[in-house]
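1. please work out how this folds:
(2 chains)
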There are 2 protein chains.
Amino acid sequence: MFAEIISIGDEILIGQITNSNAQWMAQQLNLIGISVKQISTVGDNREDVIRIFSEALQRADIILITGGLGPTNDDITKQCLCDFFKTKLVFNEQCFEDVKKMFSDRNLGMPAINKGQAELPENCIPIRNKNGTAPGMWFEAPPQPSPLGREKNQQQVLPNGEDIGGALFVSLPGVPYEMKAMMSDFVIPELQKRFQRNFIVHKTVHTQGIGESALAEKIKEWEDSLAKHEIKLAYLPSPGQVKLRVSLNGNDQKKITDLVDEKINELRQLIPEYIFATEEFGKEPETLEKVIGEILRKKKKTLAVAESCTGGYIAHLITSIAGSSDYFNGGIIAYANEMKINVLKVDVKILEEKGAVCKDVAEQMSDGVRKRLKADFGISTTGIAGPTGGSAEKPVGTVWISVTSDTEIISEKFNFGNNRERNIRRASLSALNMLRTLLEKHS
Amino acid sequence: MFAEIISIGDEILIGQITNSNAQWMAQQLNLIGISVKQISTVGDNREDVIRIFSEALQRADIILITGGLGPTNDDITKQCLCDFFKTKLVFNEQCFEDVKKMFSDRNLGMPAINKGQAELPENCIPIRNKNGTAPGMWFEAPPQPSPLGREKNQQQVLPNGEDIGGALFVSLPGVPYEMKAMMSDFVIPELQKRFQRNFIVHKTVHTQGIGESALAEKIKEWEDSLAKHEIKLAYLPSPGQVKLRVSLNGNDQKKITDLVDEKINELRQLIPEYIFATEEFGKEPETLEKVIGEILRKKKKTLAVAESCTGGYIAHLITSIAGSSDYFNGGIIAYANEMKINVLKVDVKILEEKGAVCKDVAEQMSDGVRKRLKADFGISTTGIAGPTGGSAEKPVGTVWISVTSDTEIISEKFNFGNNRERNIRRASLSALNMLRTLLEKHS
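-> A predicted model of the protein is given here:
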């Protein structure tokens, strides 16, 4: 059972907007166990729209279409559906009442152009739109005669032998909140009733501190062991982080969930230092700053940061979490050496002898800010963010990071490469992961 | 001349990520006058990948592919390209040197799995990747024999009669910053050389401090005057900013450039307080933090920031600019009131009487940080970022911003709404724009 998502609209093809509708719809379909085979975007052009309908019919059983349902001349989806199904528009009284009510509820007169919104292809079931004027359309019967001579196949018959006919076409408005309400209220429940057979479990493991290929080598044996359970693994790298997505498909929801959890537990034991969170599909994304906030809150501890090369980015990540004022005391962005000396009490002799980018300065900064701001934990960074300022001994990308509690201090030297933006992001995530490790050891 | 964008990756089909690559690429192609016919996303599945290559070849002349080039087992694009072009992978010494250098520059050992990154289909021209290990690939010659019996057509011959052969296939990594650099440095200039017939002028005017619809009302007459010159205008809103893209197409480059410049000058006179930069297409994007850095550098002045509700984001923006250590002394992230009192010398009585979110505290913070860090200019923010912490008198989103020099202090109260992330971004950009106004007045 495959779905295809078709987005219609020039605004996507010229890159004016991101196709966030398709992402949301794909997620909703996957959550009820329907795999998406393809996502296609075409413009407001009759030939392309009808062609993509025909192509989708060859590879998918459920075809979800968004866009092109507005009242203006550039909206052609409804007429294309009529041409495709060899049918005509008919006036729908119920839909007209909905459109009229939409305007009267807002004390607005209805522009005449909106009467056309109540005309729908004769062979569709209307899907009511409580947030806008364009009804959705549900085309259930197989096209007669099928435009592609589509044959009945296995996938069109449910396990109980019930023949479900040809592919389903569902057409919805492109306005996100209108589309989402119609999907949640009508389309998804209907699809679940008809097609839900298999369950899909996706879980995402978040790692920090190891690159994609080094990670792949380290977990090779574990990765190989997934194959015999038909578990799929995907690597999703971004600067400073690699996510691993573990997916399994099956008809016993508990069994597949348990199997995925078991495998993730094995992985956690294999590389605990790199894994900071496991995320369930469809839930809020996990981030290091969120995980750290939760630990600090649970342990009733506070944090302060002293940033040189990361220039406030660590503080920004931490304070992007709602409620962070409960555990974040604040920070010092010590770009000038004077701040390191006067506010953070870094030893001026060490600064002169070794320069600002060294272990001693990093440690005096993390400890200095922890004490100065009366926090339980301190983080510091000092390095060369680039693109200039490097030397043979300390090339661009060299960063010392230190994290400290009242009993312990940990420091590490890194090289994050010569792109300033990624360097700052990598250094910040590494600092947060070092803090996480220290926090988890701390009672 | 049509392009098709093909995105390969299960993570898009399951709705885990939005296809922002396709949007960006579509925009870049449109900006050089190449229309995108279709955007297609398929999974990491050989059959689907090869099918979509064949389909795209039937409707497009330029086929841009992203994704599936990593070193791990789930990345199959390269093998699919080999199968499609009936060729094989060969080892490329130059690419191998690039991959090795990528690791050695960061003092990392190269995992063996990366050697495969230097194997490329025999018929491609490699596109070097300065930000990652996967080279891009440029397939210039028509497939021989064409898998679809593609015929030469009008569109394959330039107006000067030069035969440009079959469709172009370009395969790039899915990691956005790797893909974007390769597009900007190589693919777009190459496409321009080959296919650009008309000249297109695009300039982008950056505004801050006014919303999309208020701006549209304010410049309505000016906008109407564009039509008679066939100048196109696009509004590109993002939190805290609206960009206006002005585009004109024609065969006399000087004439269209002059016309666009004239119109932009009219706009500058109309709304000077909101416009902070004008950007030429293909140049580095303009940002407020960059503009401010340039002014500070030119005037040989320094800056310090005291952030409460923006939590380090202003400092992060400023330090994201290379060389900012020349004019940025540093910052204080005064989340806890204690820091406001002890480090910034905010009057404890005012804090007790009026709370932290008021004009007096904002002004004492901006002036305090300016003096404490011996800077010429100071910025401060104090507010309620949300989503909780608001009151009837000071709802979530209330922010006081102050900017100061040694002779002047300016403060303003805003309400940025209740979304924490957008609130932080809007407050930071507003603070930077207030500083810009002050800086420009300053001799």
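2. quick check, central residue of chain A?
-> A:Pro285 (6.7 Å; Cα atoms, centre = their mean).
3. interface residues of the stretch 251-400 of chain A facing chain B?
-> A:281, A:305, A:307, A:310-316, A:318-320, A:322-325, A:328-336, A:338-339, A:343, A:373-374, A:385-389, A:395, A:397 (Cβ under 8 Å from any Cβ of the partner chain). For glycine as for every other residue, the C-beta is placed from the backbone atoms N, C-alpha and C.
4. buried among those residues? Make that a PyMOL selection.
-> Burial among these is assessed by 16 or more other Cβ atoms under 10 Å in any protein chain shown; the matching PyMOL selection reads:
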select buried, chain A and resi 281+305+307+310+311+312+313+314+315+316+318+319+320+322+324+325+328+329+330+331+332+333+334+335+336+339+343+373+385+386+389+395+397
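5. looking at the residues of the stretch 251-400 of chain A next to chain B, which are in helices?
-> A:313-316, A:318-319, A:338-339 (DSSP state H).
6. any chance of those residues in a markdown table, plus pLDDT?
-> Shown next, in a markdown table, are these (pLDDT from 0 to 100):
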| residue | pLDDT |
| --- | --- |
| A:Tyr313 | 98 |
| A:Ile314 | 98 |
| A:Ala315 | 98 |
| A:His316 | 98 |
| A:Ile318 | 98 |
| A:Thr319 | 97 |
| A:Glu338 | 88 |
| A:Met339 | 89 |
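7. check which helices and strands the host helix or strand of A:Ile63 is in contact with.
-> Per DSSP states H and E, A:Ile63 falls inside strand A:62-66. Packing partners of strand A:62-66 (3 or more Cβ pairs under 8 Å, 6 or more residues apart in numbering or on different chains; DSSP states H and E): strand A:2-8, helix A:20-31, helix A:46-59, strand A:168-172.
8. can you give the distance of it from its chain's centre?
-> In terms of Cα atoms, centre = their mean, to the nearest Å, the gap separating the centre of strand A:62-66 from the centre of its chain is 21 Å.
9. what are the contacting residues of it?
-> A:1-8, A:21-22, A:25, A:29, A:34, A:53, A:56-57, A:77, A:167-174, A:179, A:187, A:191, A:195 (Cβ atoms under 8 Å, 6 or more residues apart in numbering or on different chains).
10. 7 Å instead?
-> A:3-8, A:21, A:25, A:34, A:56-57, A:77, A:167-174, A:179, A:191 (Cβ atoms under 7 Å, 6 or more residues apart in numbering or on different chains).
11. kindly supply the ChimeraX command isolating those of those residues that are buried.
-> To isolate the buried subset of these in ChimeraX, counting by 16+ other Cβ under 10 Å, use the following:
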select /A:3,4,5,6,7,8,21,25,34,56,57,77,167,168,169,170,171,172,173,174,179,191
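12. what lines up beside the strand holding A:Ile63 in the sheet?
-> In the sheet, strand A:62-66 lines up against strand A:2-8 (parallel), strand A:168-172 (parallel) (DSSP bridges).
13. these: which one's closest to B:Thr204?
-> strand A:2-8 (25.7 Å; Cβ to Cβ).
14. next structured bit after that closest one?
-> Counting by DSSP H and E, what follows strand A:2-8 is helix A:10-13.
15. show me what A:Thr381 bridges to in the sheet.
-> Those that pair with A:Thr381 in a beta bridge, by DSSP bridges, are A:Glu307, A:Ile401.
16. so it touches A:Gly311, yeah?
-> No. Contact criterion Cβ atoms under 7 Å: A:Thr381 and A:Gly311 do not qualify, at 8.9 Å.
17. can you list contacts of the longest helix seen in chain A?
-> Taking DSSP H as the criterion, chain A has its longest helix at helix A:420-441. Helix A:420-441 has contacts (Cβ under 7 Å, 6+ apart) with A:208-209, A:239-241, A:273, A:276, A:288-289, A:291-292, A:295, A:309-311, A:313-314, A:317, A:377, A:379, A:381, A:383, A:385-387, A:397, A:399, A:401, A:403, A:405, A:408, A:410, A:412, A:414, A:416-417, B:320, B:322.
18. what pLDDT is listed against A:Ser146?
-> Looking at A:Ser146, its pLDDT stands at 38.
19. now the most far-flung residue of chain A relative to its centre. Its backbone dihedrals?
-> Centroid-distance maximum for chain A: A:Lys349 at 48.0 Å, with Cα atoms, centre = their mean. Dihedral pair for A:Lys349: phi -70, psi -40, per degrees, to the nearest 10.
20. next, give phi and psi for A:Ala134.
-> According to degrees, to the nearest 10, A:Ala134 has phi -90, psi 110.
21. what separates the residue nearest to it when sequence neighbours are not counted from chain B, distance-wise?
-> Nearest non-adjacent residue to A:Ala134, counting by Cβ to Cβ, 6 or more residues apart in numbering or on different chains: A:Leu69, 4.0 Å away. Counting by Cβ to the nearest Cβ, to the nearest Å, the separation of A:Leu69 from chain B is 20 Å.
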